[in-house]
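**Q** just need the structure, nothing else, for what follows:
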Amino acid sequence: MYKDCYGLELSCASEEAQQAYSAGIDNALRLDEPGITELTRATTQDEEFALAHAALGRQLQIHGFASAAVEHLDKSVSLKTGTTLREQSAIDVITASASFDPEALRLAQSHVENYPRDIFVLAHLAGPFGLLAFSGQRDWRRQNVALLQTTRAAYPSDNWWHMTTRSFVGAEVGELRQARDDGERAWSLCENGNCAHSLAHVHFEAGAVDEGVAFINDWKTVHGDKSDMRHHLMWHLALLARESGACTNELMEIYERELDPTVSDPMPLTTFSDNAAFLWRCYLSGMDIPDNIAQDLVRYADTHYPVCGFAFADIHRVMSTALLNNREQQQGLIDRLARLSLNSGTELTKCMLQFAKGFNAFADSNYAAAVNLLEPVVSDSVLLGGSNPQRRIIEETLLEACMRAGEKEKARAILQSRKNGQSTFDRGLLGKIDAQS
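**A** Numbers count the residues shown, from 1 in each chain. You can find the predicted model right below:
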């Protein structure tokens with residue numbers, strides 16, 4: 001029987017299918033290319049290669065090819081009885097994840113306990129868009145740290161994927177020295193978009209603005225033209241430019257040149273969340289966002305995430321709708337989120353409804369109401385998943401609402417808690433507060 005790069009048996013009919021599958025998984029982990037070409041070749045070489053169909057379906061879904069994804073995911077299920085128990089379990093995890101089945105987390109955790117070297121399933125669990133991150137649990141970041149520590153011994157010491165993932169989750173929980181060591185070591189072993197992303201987070205969390213800008217610009221020069229991570233790393237570059245004091249006009253130039261979906265649209269979730277949060281930050285800084293851009297965002301959400309219930313997409317849908325400042329559309333979204341909260345009763349759906357009301361209040365210039373709505377739930381942003389910089393949009397909205405509502409001491413306390421003295425942006429906000437005193 002053929003085996004993958006980690007010694008796990010594969011139920012495929014040829015070495016060509018095995019090699020194409022392994023190349024596809026490697027590309028999927030690197031994040032520069034989706035692996036779709038290689039995984040398609042694997043299923044062409046062996047039409048009954050069930051695990052390759054599952055992996056291909058998942059990659060197609062992530063990159064916005066929903067109908068083709070369903071075809072391959074269904075095919076994997078129909079073929080799985082002819083595979084090993086490990087492959088059957090992996091297919092169960094992949095298909096459950098793709099359908100947002102609440103059982104996916106339990107299935108993945110059980111699978112990794114039994115097969116810690118199954119890196120594709122481990123990648124489903126870990127990271128900012130993993131099953132743990134989107135589980136609605138408060139301690140998911142620490143669970144990520146524990147998961148990677150538990151599985152570490154199953155991988156070679158020079159495995160770049162495990163190392164760069166440890167770097168990312170270490171930065172998330174504030175273990176910046178080790179995160180930097182792991183990130184730089186992983187980058188030295190394999191320069192790819194995944195490793196570059198982890199280092200970008202280390203730079204941001206450490207307040208190393210100049211270093212971060214230089215790193216991303218160097219990465220763009222060498223790798224940017226051939227990486228699916230270009231969109232997201234340009235978003236990081238825009239955040240760093242904002243920290244350095246760039247004006248909104250400069251930031252919008254980055255949007256038009258790099259982030260507009262007509263220019264770059266590698267993965268729907270990244271494109272949508274990056275763009276919505278970026279434009280909302282520009283709005284917080286006083287820029288009027290053109291209606292056509294905001295409307296395009298709402299249409300993008302309706303196309304790729306037509307049903308509410310995926311919290312990370314929903315919070316960015318909230319921003320997009322608030323940017324329109326159309327009361328009918330805002331209320332329509334509130335009604336949808338209220339029904340979801342009533343039906344599910346989870347802490348996350350209740351918080352999402354509160355977030356939406358707070359963002360709408362801000363868009364309506366009712367800043368005191370925005371403070372009252374967002375202040376009790378700002379720490380609950382961890383339930384959304386994603387990364388620290390992505391979730392921090394809740395805090396930044398509360399901060400600006402406090403400033404505009406005249407709640408100077410609350411605004412000052414938020415800024416001081418960030419301990420981001422190297423940020424020109426934060427120093428500028430403190431200057432505004434002092435000028436109001």
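
**Q** give me the number of residues near A301?
**A** 24 (other C-beta atoms under 10 Å). For every residue, glycine as well, the C-beta is placed using N, CA and C.

**Q** so it is in contact with S273, correct?
**A** No - the criterion here is C-beta atoms under 8 Å, and A301 misses it with S273 at 10.0 Å.

**Q** are there residues contacting both of those two? Which ones?
**A** In terms of C-beta atoms under 8 Å, 6 or more residues apart in numbering, A301 and S273 are both contacted by the residues 313, 316.

**Q** now the element after the host helix or strand of A123, going C-ward?
**A** Assigned by DSSP states H and E, A123 belongs to helix 119-125. Later in the chain than helix 119-125, the nearest helix or strand by DSSP H and E is helix 140-151.

**Q** spatially nearest residue to K226, not counting backbone neighbours?
**A** Nearest residue to K226, sequence neighbours excluded (C-beta to C-beta, 6 or more residues apart in numbering): D32, at 6.6 Å.

**Q** now find how far off-centre the lowest-mean-pLDDT helix or strand in the chain is within its chain.
**A** Sorting the helices and strands of the chain by mean pLDDT, DSSP states H and E puts helix 424-436 at the bottom, at a mean of 81. Chain-centre distance of helix 424-436: 30 Å, with C-alpha atoms, centre = their mean, to the nearest Å.

**Q** quick check: which ranges of the stretch 1-150 of the chain have low pLDDT?
**A** When residues are selected by pLDDT under 70, none of them lie in the stretch 1-150 of the chain.

**Q** show me where it has its strands.
**A** Taking DSSP state E, counting those that start in this stretch to define them, one finds strands in the stretch 1-150 of the chain at 2-3, 9-10.

**Q** which elements pack onto the first one?
**A** In this case it means strand 2-3. Based on contacts counted as 3 or more C-beta pairs under 8 Å, 6 or more residues apart in numbering; DSSP states H and E, the elements that strand 2-3 packs against are strand 9-10, helix 15-30.

**Q** gap between the longest one and the chain center?
**A** What separates the centre of helix 15-30 from the centre of its chain is 24 Å, taken as C-alpha atoms, centre = their mean.

**Q** contacts for that helix?
**A** With C-beta under 8 Å, 6+ apart, helix 15-30 has contacts from 2-5, 10, 12, 33-39, 41-43, 45-46, 49, 51-52, 55-56, 59, 119-120, 123, 161, 190, 192-194.

**Q** can I get it in PDB, CA atoms only?
**A** C-alpha atoms of helix 15-30 as PDB (Å, rounded to 0.1, in the frame of the first residue of the first chain):
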ATOM      1  CA  GLU A  15       2.400   6.000  -7.300                       C
ATOM      2  CA  GLU A  16       1.400   8.900  -9.500                       C
ATOM      3  CA  ALA A  17      -1.800   9.400  -7.500                       C
ATOM      4  CA  GLN A  18       0.100   9.200  -4.300                       C
ATOM      5  CA  GLN A  19       2.600  11.800  -5.400                       C
ATOM      6  CA  ALA A  20      -0.100  14.200  -6.700                       C
ATOM      7  CA  TYR A  21      -2.000  13.800  -3.400                       C
ATOM      8  CA  SER A  22       1.100  14.600  -1.300                       C
ATOM      9  CA  ALA A  23       2.000  17.600  -3.400                       C
ATOM     10  CA  GLY A  24      -1.600  18.900  -3.100                       C
ATOM     11  CA  ILE A  25      -1.600  18.600   0.700                       C
ATOM     12  CA  ASP A  26       1.800  20.300   0.900                       C
ATOM     13  CA  ASN A  27       0.600  23.200  -1.200                       C
ATOM     14  CA  ALA A  28      -2.600  23.400   0.800                       C
ATOM     15  CA  LEU A  29      -0.500  23.800   4.000                       C
ATOM     16  CA  ARG A  30       1.900  26.300   2.500                       C
END
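
**Q** so which bits of that helix are buried?
**A** Buried positions in helix 15-30, judged by neighbour count with 16 or more other C-beta atoms under 10 Å: 17-30.

**Q** and which of these is nearest to D314?
**A** A28 (25.8 Å; C-beta to C-beta).

**Q** I'd like the distance between the closest one and R58.
**A** Separation of A28 from R58 (C-beta to C-beta, to the nearest Å): 8 Å.
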